[in-house]
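S.K.: Sequence plus the predicted model coming up.
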Amino acid sequence: MSQNDLFTGYTEALEQFFSRGRGANEAKSGYEIRTQLLGLATDISLSEYKAKFDVWTKQVDLGHSISATVPVPPGVAEVLEIAKQLNEFVNNKK
């Protein structure tokens, strides 16, 4: 599953996230938005990692020769990059 596929699935979550518990004239602070974007980015990166790890584990269980190394959990830099992409998506006025 590609990152673009994951972003497509999170579109509704982003819309709900920005409208949850707010009146029509009540906006979230920048801090709240950044915090929640980081949470979404963490969820996306962990979902990707889990998918890769599950495939690797299945290959080991089936006794297939493993040419690839064990998937590496996402780091801070990767989560921040995804959060940046989400922020650009949210700020896109098109």
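M.R.: Received it, and whenever you're ready, just let me know what you need.
S.K.: which helices and strands sit right next to the helix or strand hosting Ser45?
M.R.: Using DSSP states H and E, Ser45 maps to helix 30-61. Here helix 30-61 touches helix 3-19, helix 76-91, going by 3 or more Cβ pairs under 8 Å, 6 or more residues apart in numbering; DSSP states H and E. The C-beta positions use only the backbone N, C-alpha and C, and glycine is treated the same way.
S.K.: orientation of it relative to helix 76-91 in degrees?
M.R.: Helix 30-61 and helix 76-91 are oriented at 120 degrees to each other (axes from the mean of the first three to the mean of the last three Cα atoms, to 10 degrees).
S.K.: In terms of mean pLDDT, which of the helices and strands packed on helix 30-61 ranks lowest?
M.R.: Note on these: lowest mean pLDDT is at helix 3-19, with a mean of 61.
S.K.: so which strand or helix has Pro73?
M.R.: Counting by DSSP H and E, Pro73 is part of no helix or strand.
S.K.: and it, what does it touch?
M.R.: 46, 49 (Cβ atoms under 8 Å, 6 or more residues apart in numbering).
S.K.: Same question for Asn87.
M.R.: 34, 37.
S.K.: mind running it again at 6 Å?
M.R.: Applying Cβ atoms under 6 Å, 6 or more residues apart in numbering, one finds that Asn87 lies in contact with Leu37.
S.K.: how much space between it and Glu32?
M.R.: Counting by Cβ to Cβ, to the nearest Å, the gap from Asn87 to Glu32 is 13 Å.
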